[in-house]
Every structure is written in C-alpha cells, then in structure tokens.
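What follows is a predicted structure for the sequence shown.
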Protein chains: 2
Amino acid sequence: MPDTTSFERAFSPDAFRAHGHALIDALADYIAAAARGNKMPVLPWVEPEQMLERWPQTFPAAPAQDLDHLLARVLDEANHLHHPNYMGHQVPGPLPMGALCDMVASILNNGMAVYEMGPHGVAMERAIIKWMGGLVGFGSACDGVITSGGSLGNLTALLAMRRVTQDRLDGKSPAVLVSDQAHYSVKRAVKVMGWGEDAAIAVPCDDAFRMRVEALPEAVKQAEARGRRVVCVVGSACTTPTGTYDPLARIADFCGAHELWFHVDAAHGGPAGLSGKYRHLLDGCARADSVVFDAHKMLLMPALVTGVIFRDGANSFCTFDDRASYLIDKSPQEEWYNPGHRTMECTKRMMCLKVYAALMCYGTKFFADYVTRQYDLAKTFARMVRDTSGFELAIEPDANIVCFRYAPAGVIALDDLNAAIRKHIVESGAFYIVQARLPKGHFLRVTLLNPLAGETHLASLLDCVRATGNELLAASRSHT
Amino acid sequence: MPDTTSFERAFSPDAFRAHGHALIDALADYIAAAARGNKMPVLPWVEPEQMLERWPQTFPAAPAQDLDHLLARVLDEANHLHHPNYMGHQVPGPLPMGALCDMVASILNNGMAVYEMGPHGVAMERAIIKWMGGLVGFGSACDGVITSGGSLGNLTALLAMRRVTQDRLDGKSPAVLVSDQAHYSVKRAVKVMGWGEDAAIAVPCDDAFRMRVEALPEAVKQAEARGRRVVCVVGSACTTPTGTYDPLARIADFCGAHELWFHVDAAHGGPAGLSGKYRHLLDGCARADSVVFDAHKMLLMPALVTGVIFRDGANSFCTFDDRASYLIDKSPQEEWYNPGHRTMECTKRMMCLKVYAALMCYGTKFFADYVTRQYDLAKTFARMVRDTSGFELAIEPDANIVCFRYAPAGVIALDDLNAAIRKHIVESGAFYIVQARLPKGHFLRVTLLNPLAGETHLASLLDCVRATGNELLAASRSHT
C-alpha cells in the first residue's frame, strides 16, 4: 500500500523549515571554519576504494539516515574550496549568496527551454548574455544562451560554426586550428561532431605558450595538402595550463582575411573585460564570431553557468537548425524567448538567477575589483617565486594562474621531484595545488581565486614546497 | 582601488546566516502557499517583451538591490510547480530536501571530473549509477556517469555507440532507428555527431504510439538501399507525448539478432523498475546496451541529474576514447574513480548528493510507492475522461502522462478548439497543462507528478476545460 502520509511529510513546509534553519547554521559555521582554514586539511585525502567503504553503496527500503547528520558528514569530508590554501583547479570557493540562489532555483525548478516554463528566468538570462557580450566587446546584435558548463559551451558554439561554414568546404573535410595549449574540450567537441581524429589541428605556441599566429598559414596549407579545409580558429582567453591569453587581435586579422570562423574560449578569462587594468588582454575578442564565458570561475559562482555568446546573434540559432541554409529566412528575433532552439538542454536549470542576483546585489565594480586583485596577486606571486632561491617560474603570468617549480641547485630529476612534492602536499591536506605538464617540463600550478587569501598564504606555500622537496630529496638520498 | 572590505562582506558567514534564515522562512512559506494553491495562479502569465521591462536588462556598478527582496520577487513571479494544478511538462515540483542538498553542493562546489576534486561525490555517484542500473535489470558489470540532463545523456550514450559500432559499417554511412514519437534529443544527438539529416530514421508506431517492431526489418532494408547501415535502435521508456513504453523485449530480440546497439531512453520511465505493479513495462530493458535515466522527473529531484548507464560498464569509457580500437587493452576499472573520462563535463557539479540523500533519508519504498501512485492516478484520470461526456481519450496511458481533449458533439474543428482552450487556461493561471500534436490530432496533455494532487484536482480540470471550451464556442458563434 502506498504510504500517503510519507508524501505529506516529505513536502512538509515545517520539516523544510526545521532542516533548513539547521542547515543554514551548519553552513555558516562551515564557511567560517573553511575560510579560517588553519585547523583543517584543505582536502581530506582518502584512497578511492576506501571511500567506497565509507559511503554505503546500496540503499535501504526504509529511511536509514537523518538528513541533518548526513549533510553534516558531507560538509566534514568535502574538499574545502573556501580554505585559503585551496589554490588548485579553476573552480572557486563560491560566493555564499550563489548557493542561496541555487536553492531558490532548485525549489522553483522552472525549466527554461521554453519561455512559458521559466518566464522571468528567460528575462534574466537575456540580460546576462548581453552583459557578457558587452564585456568581450560585442555590440547590441550579440545573443546566445546560458548552458551547463564550458565544455558544452564550446560544443554549442562549434555546432553553429559547423552550420555556418558548411558551404565553404568545396568537397574537403573540415578542420579547426587550435593551439596545443587549448582546453581539451575543444578537441573533444570537434571529435563529437564526427570530423575525425585529425580535424583539430594543433598550432604550436611560443615560449610564453601563446599561439604562434605566424604558424597559421602553414597549418592551413598542411591541412589542405591532407584534403582538409580549415574553417575555424579557436583562441584561448586564457589557456588552462598557464593562464596565457592568445594574441586574439592577430588571430582575428587572420580569420578575417581568410573567411574563417573565430571562436574564443574565454571560459576563464572573459571577466578580464571588467578590469580597466587587464581589459586589453581581450583586444580582438570583439571580432570573434563566438565566445564561451564561464561565471563559475572568475565571477565566483557555484558551477555550472556558462554563457555562449555570438557576435551576430542570429548565428545562435544555427546550432541546432534543421532547415537547409536556403530556408533560413525567419528572423531569429521572433523566438528569442525560447532558449531551447539554441541549447542542447531540454530541461534547462535557472542557472542565470545567481549571476543576475550577484550583479544586482553587489554591483559590477565588485567583480571588476576582484579580477584586478587576483591578476595582480598572480604577478606578485611570480615575483616571489623569481626572488626565492631554488624556485623557477614557468612564465610571467597573464592571469591568476601561475606555474612554478622547486628546482634546487644540483637536482636533475625535477619532473619527478615536483610530481612527488605535489602528491605529498595534497595528500597531507596542507595545500591543494595541481600540476601542468608543459613542453619545458613538469610544473606545479596554482589558480588564485580566493579574494581573502594573499601573500602570506603564498609565502607559506613556497615554504611548504621547499620543505617537502628537501624531505623527499633527503629520503631518496638516504635510500641510495 | 579594489575595495577589500566588500570581499569580506560577500564571504561573511554572518551575512550568509542572516540571508539564509530569512530565505528558509520565505521558502517554507512559499512551499506552503504553492502546495495549497487555491489563491494563486499556477503560472502568472506575462508576454515576453513585458517581462524584459520588469527585470532590468543592465547592471549597475554599485549594489542596487537587496538579496532578500530580489529573491522574494523571484518566488512571487515564478511558475509554481508545487501547485496541485500544475500538471504540465515532465518537471516536478521537487522534494524540498533536494533544494537543501543543492545548496550544499553549491557551497562546496566540489568538481567531480577528477576524483581528487570530489572524492565523496564520486563514491555517492557510483552507488546511484549501480542502483539505477539494477532498476532497469542490469547486473553488477554495469557502470556509467551522472550528467546534466537527458539530452546530454542521450548524446553521451550514442557517442559510445558510435565508437563501438564503427567497425560494422562496411563503408556505409551509419543510421539509427527511432520511433517517430521519441524525444527530439535523440534526433538532435544523431545530428550533433555529424551523421547527416537522414541518419535518424523514423520507425512508425501503432495506434497506441508504440514502435512497430515488425516495421524494423523494412526500415533496415530501406536504409541499406540508401547506402546506410543501421547500427542502433533507440527505444523509449516512455515516450514524451503520450508516456508510452515501446515493446523493449521485442526490440532487444531484433537488436540481438542483427548485432545492433540497443539504447533505451528511460529518462522519464526508468523508475517504473521500483514498482512491483509496473516493473513489467521495462521488460527487455535489461538487454539494452545503454540507458538514460533522469532523477529530476520521477524521483522528484530538482533538475538536473541524469544517469547514463551501460550494461557492460567498459563501454562507458568509449564515449570519449581517443585511442584506436586495437589499443583498447586497459582495464576500465583502473580509473573508475575519474568520471571525466566518461562525461562531457570538465567541471562537474555534485548532482548525485540530492539523490543519495533522498534514498538514504526516505528509503526506496517511498519512491516505489510514489511511482505506483502516480501511474495508478493516470489510469483513474483516463477512466474519468472516458466516463465524462464530451471528452475523448487519446490512448490508455502506460505511465503518468495522459492525453485527452474536449470533443463536444457537433464540433468539427477540435484541434483549434483544444489549442485555444489550453492557451486560455494557461494564461488565466488556473491550470498548467500542455499539448501534444498526435497523428490523430491536437490533444491536451497532463503529467501527474505531484503526490499531493489527486482526483478532485483532475475533476476540476475537466470542469475547467469544458467551461472554457463552451465559452470559446459561444464566443465564436456570437461572432459569426
């Protein structure tokens, strides 16, 4: 027999109120503790198989746990991204208000693929897309959608590119040029589209990991020799490994001269457009055909919320267009209010709410200051690395990503040493940092996202890396 | 000058606590009001252009709004999915605890593409994937990932299918067979993969909108005649328009006999596996190669959370595999803990938390009872439609989706009448229902998702449809 009272209990406003207030207190305490950070590991490391044992892998017929206790345990055993020693991947400890907005979006559950399912969300999304477009230099004709993440965003943009460029192939197979430092999702998107293994052609970078624009003509020529027609160049603003901005203006010149689609993956670096000091890094982006722009990186939002913006908004309707090109005669404005025409998602979360609320409740200067501070801090850290004996900087950073390594005099196996340092530090819980395999070797990598973390934490990191490195070196010497 | 105190304020645990408690109360009141429903419109209709005027489309440099007030307005002007008269799309008024869990996932922001970014999430996700697989009849070898929605899920599964079947083409172009009632995301996925306009071949349905399995041989033959090799059949469990389950066992027989990949889109209907009474609808699903299973429909979760499950878990690694087929010699078990190998998403939200918590805190019987109740209720409503003069039922429902229409004696233009009835009712805010364009005409369509809504609400709906229809008929007569 169905137990109808259990449904009433599950939807009970009083139960929600009780659990909700308890949870708000637990989360406020959590944020305070994580942001202090000095008494907890950044990442409480557990081997995967052991983790399975900690979390039951089957579910009982009857209730087995209390929600408050379960969530308290989830907080306790999580990675703590608000910890000032979290400096790893490009995922921030988000603004707490973003999580409140996500709760509202989840309660409402207003799908947004069709206007009538999420009317005010559609209005908010439009404001955000136009605002993001403005930041990268687009005019009022720009348009697009918000989608679930940068990888899906790159795919969405490249699908429109495929549609628009399909008449330029002259019977050849299509190809896309992208630097060897671009995010893997670009190559993955090209592969998803069925263009084959070789369709994403790597363009070499210079010593600062910037795409070598002067190598583009040769790349086009080689593609033609293999029966491929280049239809698109993808620039990175910035790249994932080192935070380098490709020379977008020069790529735009090349694309303009050769009738190529220009896509910019600005998932991380688009918000530089907010900063008077760093806006110039996006010079040339205004001439891109499409741009991807994450709010869950440098706008401090919880994942996922990604803008896919087209300079000519009409192109945003090409991604999933079923009609032959000679039939495209309908004004895209007619249905700007039904995002399902332009996005993969049929049930579409109200991802825009948190961004809209953050911009209204904090103002844009807040984010402008934030970008400037974090990019500045990376330059400060780069100087600290250069000025500290035994350390090596990969390149002068453009953005808030810095690659460096411990390179004490006389040690040759620097790649192995730095990989071991990272493993040791992460598993100890002292810092969360990641690594980058660069052509010049294996480097440690930080992304500076927390506006409450500063030089003292970075100085501690260098101390920790040196101490760990020396310990590992001593241990390996004592074993030989 | 960056305003550093503004960062401290934005991350302040005290500010979060104050806004959070205010919001919990507002949401508890909201849930209570929406679930009562009798004093508010289900959907407060506003034309798109007017909506843009209501929500400012530019953002100020300085803070312009208070978060509490902004969110209160968002609640007030939303579509109210907890309202008992919301019976529209397959998106539920979710369990409130799901929204609490989403807030936790958002605060933590533990990405899950690599294990070390979301270790306990990876353990929870694995439990859910195995559980979902068990529900559709898969054994312990099944495996997969959770991804952002059913459309992305279908694409993820079909990408693996493409990889596995690529050696079976004999120089022909590939094709997929799918009923003409399948969800548009299947055709969209085939198109995304670059297989061309004609690669998704529609298989006709019988009068109950079930795929005509006896038409499959002819469809294969016609594909071959056009130079295409059929490599996959997609079954629906259930279809979107009418909630019909395709004859999965017979499709499985056909696929087995012809070495075809069998994919089942069980986004809506997978949870039938929980119900002793309705489990039989999934007979044959156990022989599918891949299944998509949404938790944001019949598991009452907020969007998005979709399982993509492969009977042979090793196939889950084929979706984005870069290696040539003769190089696949590595055990997929080696890296089961890094979901990024198997999903589009690089930043991957901890979508699993709410499902894991719901199953632990409510138990599986809760959801089994829920599915049984809602499927039963649809049969009750179908009887009510049949027994009420002037109404017509499209088909006897399999699931909790019912298509019906007002068809008073003597009226010929039933399609126009029912479209007008729907528009009128939705814009009045009395009920939220949708429509289905079926081969036999234009029908009204309800999805019965709210376990607190029952026969009285359905009786009111019929009254409302009749009264609206009669008004419209009278008005049109008075105009002629």
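Thanks, I have it.

what sits against the residue in chain A that chain B sits nearest to?
The nearest approach of chain A to chain B comes at residue A:194, 2.9 Å away (Cβ to the nearest Cβ). Every residue, glycine included, has its C-beta placed from N, CA and C. Neighbouring residues of residue A:194 by Cβ atoms under 8 Å, 6 or more residues apart in numbering or on different chains: B:162, B:193-195.

what about it, which SS state?
coil (DSSP: H, G, I helix; E, B strand; the rest coil).

Return the two entries of the contacts of residue A:194 that lie farthest from one another.
Across the contacts of residue A:194, the two members that end up farthest from each other (Cβ to Cβ) are B:162 and B:194, 9.7 Å apart.

Could you tell me the average pLDDT over the longest strand seen in chain A, please?
Taking DSSP state E as the criterion, chain A has its longest strand at strand A:228-236. Averaged over strand A:228-236, pLDDT sits at 98.

Direction included, what does it pair up with?
Applying DSSP bridges, strand A:228-236 is found paired with strand A:173-179 (parallel), strand A:261-265 (parallel).

for the helix or strand bottoming out on mean pLDDT in chain A, packing partners?
Every helix and strand in chain A was compared by mean pLDDT, DSSP states H and E; the lowest is helix A:4-10, with a mean of 93. Packing partners of helix A:4-10 (3 or more Cβ pairs under 8 Å, 6 or more residues apart in numbering or on different chains; DSSP states H and E): helix B:364-387.

in the helix it packs on, what counts as buried?
For helix B:364-387, the neighbour count (16 or more other Cβ atoms under 10 Å in any protein chain shown) marks B:364-378, B:381-382, B:384-385 as buried.

Check stretch A:393-409 too.
Buried, per 16+ other Cβ under 10 Å, within stretch A:393-409: A:393-395, A:397-407.

State the distance spanning the first to the last residue of it.
15 Å (Cα to Cα, to the nearest Å).

so how far is that stretch off the chain centroid?
20 Å (Cα atoms, centre = their mean, to the nearest Å).

low-scoring stretches of the stretch 301-450 of chain A, by residue?
In the predicted model of the stretch 301-450 of chain A, residues A:322-334 satisfy pLDDT under 70.

Repeat the analysis, applying 80 as the threshold.
In the predicted model, the stretch 301-450 of chain A carries pLDDT under 80 at residues A:321-334.

show me where it has strands.
Taking DSSP state E, counting those that start in this stretch as the test, the strands found in the stretch 301-450 of chain A are A:306-310, A:391-393, A:401-406, A:434-438, A:441-447.

Output the first one as CSV, nothing but the C-alphas.
Extracted in CSV, the C-alpha atoms of strand A:306-310 (Å, rounded to 0.1, in the frame of the first residue of the first chain):
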residue,chain,number,x,y,z
THR,A,306,28.3,29.3,-18.9
GLY,A,307,27.4,31.9,-21.5
VAL,A,308,27.7,31.0,-25.2
ILE,A,309,27.6,34.3,-27.0
PHE,A,310,27.6,35.1,-30.7
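
And chain A, split by domain according to the record?
A:12-94+A:364-480, A:110-362 (automatic domain parsing).

what about the longest one, distance to the chain center?
Think domain A:110-362. Using Cα atoms, centre = their mean, the offset of domain A:110-362 from its chain centre is 13 Å.

what about the helices in chain A?
A:4-10, A:13-36, A:48-54, A:67-76, A:96-108, A:119-135, A:150-165, A:184-192, A:216-225, A:248-258, A:352-362, A:364-387, A:414-428, A:455-479 (DSSP state H).

Compare these and give me the one nearest residue B:311.
helix A:48-54 (21.1 Å).

So which bits of that closest one are buried?
A:48, A:51-52.

Now do the residue of chain A closest to chain B against residue A:468, distance only.
Using Cβ to Cβ, to the nearest Å, one obtains 46 Å as the distance from residue A:194 to residue A:468.

one step back: can you list the helices of chain A in CSV and add distance to residue B:28?
Converted to CSV, the helices of chain A look like this (distance: least, Cβ to Cβ, whole Å):
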stretch, distance to residue B:28
helix A:4-10, 14
helix A:13-36, 4
helix A:48-54, 32
helix A:67-76, 15
helix A:96-108, 10
helix A:119-135, 21
helix A:150-165, 34
helix A:184-192, 40
helix A:216-225, 59
helix A:248-258, 49
helix A:352-362, 19
helix A:364-387, 30
helix A:414-428, 41
helix A:455-479, 39
